[in-house]
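[1] sharing a model prediction with you, sequence too.
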Amino acid sequence: MEKTPFIEIRGLRKVYKLGKERVVALDDINLTVQDGEIFGIIGLSGAGKSTLVRCINLLERPTSGHVIIDGKDMTVLPRRELLEMRRSISMIFQGFNLLEQRSVLRNVCFPLEMSGTKSGEAKKRALELLKLVGLESKANAYPAQLSGGQKQRVAIARALATSPRYLLCDEATSALDPTTTGQILELLAKINRELGVTIIVITHEMAVIEEICQRVAIIDSSRIAEVGTVDEVFTRPKSAMAKQLIYPDGKRNSLATGKRYCRIVFDGNSSFEPVVSNMVLECKAPVNIMFADTKNIDGKAYGQMILQLPEIEEVADKMIQYLKDTNMGVEELKSDVG
């Protein structure tokens, strides 16, 4: 049975007026985010993704359209009801936004203090959350004494202080190194799993989407270019922007004109075995591996590979058919497409 959408965006449009000019930041956005999922929104810088996430909690008021959360249209709520609804929506940012003059514990307590929670209760809740994010030993430290990853953990704990149903993450890992990014994504997955918080992840990094999200929307030039499960979009990208984000940097553009190439997708449904070597032996012809980014997780293969096929058409066709017969995700690439 399909889940009931808890966040629904209908015909959303955001236009900024800059003097006599009008800049369209978002145009006819239609999305649903289901209860309990981790939903990704990805696009290049300037595509409109951060504006979109701010429109969800109405930090930015849409020019037109509707943002419906739990059956309530946020765009028409009276101010008091809007403030009440916002308590169920928290947000974390790339820059952490911690209060430098407050200790870690008091940073987490801050939203509770603002909502009128008693000091003892606020401290108890804050300590529980610091334990959840693995920073109970840093309760009395100050932001300046923390690493970037630790600061983001504090920001996550603070965002969870008021027990929100929704967590909006705006480029939350962009300032972090790859190892720390992985740790923060693991924490977000844990929060989603254990607390049931619905999470929306805004990013420009496809690796973040692959790591944590179940579904993804690709935004391009202020409009939604494509929506689907991460597996669907990764294995069978339809839009030009999806292909640009998924294919490795510069690899698609560097393919020589007149050559035949194919992209193999390892989506976890195949065992990690020498597929390419077996294909070469079966077809009795070599291939050039132009790019490979694969990983072995519990004996299953994940990632992608781009191969340059032999110039003999019959052999190239045989190789593509061989890969299809082994249930691999295969896409033939055109070298003249950027």
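    Alright, I've got the coordinates.
[2] OK, contacts around V208?
    Contact analysis of V208 by CB atoms under 8 Å, 6 or more residues apart in numbering lists G40, I42, T173, T181, L185, V201. C-beta: built from backbone N, CA, C; applies to glycine.
[3] then Q304?
    I246, P248, R263, I264, V265, F266, F291, A292, D293, T294.
[4] which one of these sits closest to D35?
    Nearest to D35 among the contacts of Q304: I246, at 27.6 Å, using CB to CB.
[5] so the closest one sits against F234, correct?
    Yes. The criterion here is CB atoms under 8 Å, and I246 meets it with F234 at 6.1 Å.
[6] quick one, helices of the chain?
    49-56, 79-86, 104-114, 119-132, 148-160, 178-195, 206-212, 230-235, 240-246, 275-283, 313-325 (DSSP state H).
[7] ok, of these, where does mean pLDDT dip lowest?
    Mean pLDDT values for the helices of the chain show the minimum at helix 230-235, a mean of 81.
[8] now that helix: buried residues?
    By neighbour count on 16 or more other CB atoms under 10 Å, the buried set for helix 230-235 is V230, D231, V233, F234, T235.
[9] could you dump those residues to CSV with distance to R223?
    Shown next, in CSV, are the buried residues of helix 230-235 (distance: CB to CB, whole Å):
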residue, distance to R223
V230, 20
D231, 23
V233, 16
F234, 21
T235, 23
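[10] Q214: which of these is nearest?
    Of those, the one sitting nearest to Q214 (CB to CB) turns out to be V230, at 6.5 Å.
[11] list the contacts for that closest one?
    Taking CB under 8 Å, 6+ apart, we find V230 in contact with G40, I209, E210, C213, Q214, R215, V216.
[12] again, 10 Å this time
    I38, G40, M206, I209, E210, E211, I212, C213, Q214, R215, V216, D267 (CB atoms under 10 Å, 6 or more residues apart in numbering).
[13] so for E21, which of the helices of the chain sits nearest?
    Nearest to E21, of the helices of the chain and by CB to CB, is helix 49-56 at 16.5 Å.
[14] present the helices of the chain as JSON lines; the columns should include distance to A139.
    Output for the helices of the chain, formatted as JSON lines (distance: least, CB to CB, whole Å):
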{"stretch": "helix 49-56", "distance to A139": "30"}
{"stretch": "helix 79-86", "distance to A139": "27"}
{"stretch": "helix 104-114", "distance to A139": "4"}
{"stretch": "helix 119-132", "distance to A139": "6"}
{"stretch": "helix 148-160", "distance to A139": "10"}
{"stretch": "helix 178-195", "distance to A139": "17"}
{"stretch": "helix 206-212", "distance to A139": "27"}
{"stretch": "helix 230-235", "distance to A139": "36"}
{"stretch": "helix 240-246", "distance to A139": "40"}
{"stretch": "helix 275-283", "distance to A139": "51"}
{"stretch": "helix 313-325", "distance to A139": "54"}
